[in-house]
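# Have a look at this fold, sequence not included:
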């Protein structure tokens, strides 16, 4: 493969855009952040004419693959009557009906444009209810790039085993935000209760109910139930950040799988098949501040015509396909891929660990049999080897994310999966 045109365009972009990209994670791509000409279904084609089977899938949003016809058709038709109405449409109501059918608990919902901003709203609501400023977040969990939450998402693994000081992930962060956050290790109920016993300033706990952003780590048996009980005991608001898992792992997200009810839940990525939308869900009592207007939330692009139309078309498609069957097929194809990757790695005598579900999973180069928290991930996973693997896979026609997480779509065929397994065998051999 040649990447000459992407390299040239990237050099031009760097003169106009800092780092040549508009999202930092893209800057780490090899050989440069690629420029794409088209994307359809499971495939992408770059400006040099290289075609890839794509498992980045927008870092999760493209649940149906790229540019599914039922979404593009619906959006095109609806946008003929306006884009940004600064008002409501009947389809927004229809979308809310579909969403409430999907969620396993009876919640009200409100819309925004990104996961980062909707998590900020969740924390603001919790503070308004409890009148307390601090919250607990877990090491390795990501809740957006804003100052108030960008702590200990990817900290170095060193330090004392029982030390969880807040570590900012960026220069320029507000120093005052550091005093608002308490960091805890995930999957450890004893440590969490220790914090709650010794601090009466906590308004909420926010977590990814499945640790999507670090090795796709699943909650230990009884862990989510235990956190729910602790929140009840200490009168703390429990927030599930389902920005990644919502509508991807199951129609009702992680809550459907584990049957644990948070006080507030947030959603984004897979909700609109690639269009920007986010959503907060909670009962009417928690939402009262938004109802009265005492809790401020705004946004010119909230519930814009295109995003509402895309979300409505996507959720309708899932329902019409029989939601149980849709996710059974999606996860089933992913499991075929996972088993194939395990088989060819074993054939090459390479130790890997795959954690997650068919619809999204994480591939680690490690001898560990399981990874249960962020520190285990950092101390046991060969991240450099994965980067070399991703480079080789790209050359072999497979596009992977830089962070180790794979995303399946309903557009991935068995032929795609078989080609991916063949490419992986070559790539395992090459490294």
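Cool, got the structure. Since this is a predicted model, take the numbers as computed values, not measurements.
# Model confidence score at residue 162, please.
What the model reports for residue 162 is a pLDDT of 59.
# For the remainder of this discussion, apply numbering that starts at 40.
From this message on, residue numbering opens at 40, which makes the last subject residue 201.
# what helix or strand is residue 44 on?
Assigned by DSSP states H and E, residue 44 belongs to helix 43-55.
# what comes into contact with that helix?
59-60, 70-74, 85-87 (CB atoms under 8 Å, 6 or more residues apart in numbering). (C-beta placed from N, C-alpha, C; glycine too.)
# before we move on, what about stretch 148-160?
By CB under 8 Å, 6+ apart, stretch 148-160 touches 131, 135, 138-139, 182-185, 187-188, 245, 278, 280, 282-283, 305-308, 315-320, 326, 329, 336, 338, 340-343, 346-347.
# ok, of these, which come out buried?
Buried residues within the contacts of stretch 148-160, counting neighbours by 16 or more other CB atoms under 10 Å: 131, 135, 138, 182-183, 187-188, 245, 278, 280, 282-283, 305-308, 315-320, 326, 329, 336, 340-343, 346-347.
# Tell me which helix or strand in the chain has the weakest average pLDDT.
When each helix and strand of the chain is scored by mean pLDDT, DSSP states H and E, helix 413-419 comes last, with a mean of 94.
# Can you give the distance from it to the centre of its chain?
20 Å (CA atoms, centre = their mean, to the nearest Å).
# what residues does that helix touch?
So helix 413-419 is in contact with 177-179, 194-196, 224-225, 250, 253-254, 256, 403, 405-407, 410, going by CB under 8 Å, 6+ apart.
# hang on, the earlier thing: in CSV: the contacts of helix 43-55, plus pLDDT.
Formatted as CSV, the contacts of helix 43-55 follow (pLDDT from 0 to 100):
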residue, pLDDT
59, 93
60, 93
70, 94
71, 95
72, 95
73, 97
74, 97
85, 98
86, 98
87, 98
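# What's the ChimeraX syntax to select whichever of those residues are buried?
Command for ChimeraX, covering only those of those found buried under the criterion 16+ other CB under 10 Å:
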select :59,60,71,72,73,74,85,86,87
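# Can you lay out the contacts of helix 43-55 as TSV showing secondary structure and distance to residue 360?
Shown next, in TSV, are these (DSSP: H, G, I helix; E, B strand; the rest coil; distance: CB to CB, whole Å):
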residue	secondary structure	distance to residue 360
59	helix	39
60	coil	35
70	coil	39
71	coil	38
72	coil	34
73	coil	32
74	coil	34
85	strand	31
86	coil	34
87	coil	36
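# Can you classify residue 400 as helix, strand or coil?
Of the three states, residue 400 takes strand under DSSP: H, G, I helix; E, B strand; the rest coil.
# what sits against the most centrally placed residue in the chain?
In the chain, the centroid-proximal residue (CA atoms, centre = their mean) is residue 283; its distance is 2.6 Å. The contact partners of residue 283, taken as CB under 8 Å, 6+ apart, are 99, 154, 247, 249, 251-252, 308-309, 399.
# Nearest to residue 364, out of these: which one, please.
residue 309 (17.3 Å; CB to CB).
# After the longest helix seen in the chain, which helix or strand is next?
The residue-count maximum for a helix in the chain (DSSP state H) belongs to helix 362-386. Next helix or strand after helix 362-386 toward the C-terminus (DSSP H and E): strand 391-395.
# and the gap between residue 124 and residue 247?
In this view, residue 124 and residue 247 are 33 Å apart by CB to CB, to the nearest Å.
# what do you get for residue 238?
Remark: distance between residue 238 and residue 247 (CB to CB) = 22 Å.
# who has more neighbours, these two?
Higher neighbour count among residue 238 and residue 247: residue 247, with 25 against 13, using other CB atoms under 10 Å.
# and the more buried one, what pLDDT?
At residue 247, the model reports a pLDDT of 98.
# what's the distance between it and residue 225?
Distance of residue 247 to residue 225, computed by CB to CB: 9 Å.
# what's the overlap in contacts for the two?
With CB under 8 Å, 6+ apart, residue 247 and residue 225 have common neighbours 177, 180.
# For the stretch 140-289 of the chain, give me the ranges with low pLDDT.
Low-confidence segments of the stretch 140-289 of the chain, defined by pLDDT under 70: 196-201.
# For it, which segments count as helices?
Under the criterion DSSP state H, counting those that start in this stretch, helices of the stretch 140-289 of the chain are mapped to 154-169, 228-236, 262-273.
# which helices and strands sit right next to the last one?
Just to be clear, that refers to helix 262-273. Where contact means 3 or more CB pairs under 8 Å, 6 or more residues apart in numbering; DSSP states H and E, helix 262-273 is packed against helix 228-236, strand 241-246, strand 276-281.
# let's go with 10 Å and repeat that
When contacts are defined as 3 or more CB pairs under 10 Å, 6 or more residues apart in numbering; DSSP states H and E, helix 262-273 packs onto helix 228-236, strand 241-246, strand 276-281, helix 292-297.
# Would you mind putting the contacts of residue 283 into a markdown table with distance to residue 445 alongside?
As requested, the contacts of residue 283 are arranged in a markdown table below (distance: CB to CB, whole Å):
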| residue | distance to residue 445 |
| --- | --- |
| 99 | 10 |
| 154 | 19 |
| 247 | 17 |
| 249 | 14 |
| 251 | 12 |
| 252 | 14 |
| 308 | 14 |
| 309 | 14 |
| 399 | 7 |
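# Kindly indicate which of those lies nearest residue 363.
Using CB to CB, those come closest to residue 363 at residue 309, 16.8 Å.
# Could you tell me how many residues sit around the closest one?
Residue 309: 29 surrounding residues under other CB under 10 Å.
# any idea how far residue 145 is from it?
22 Å.
# Could you list the buried residues of the helix or strand hosting residue 356?
Using DSSP H and E, residue 356 sits within helix 344-359. Of all the residues in helix 344-359, those buried under the rule 16+ other CB under 10 Å are 344-357.
# same question, stretch 84-95
So for stretch 84-95, counting by 16+ other CB under 10 Å, buried means 85-87, 89, 91-95.
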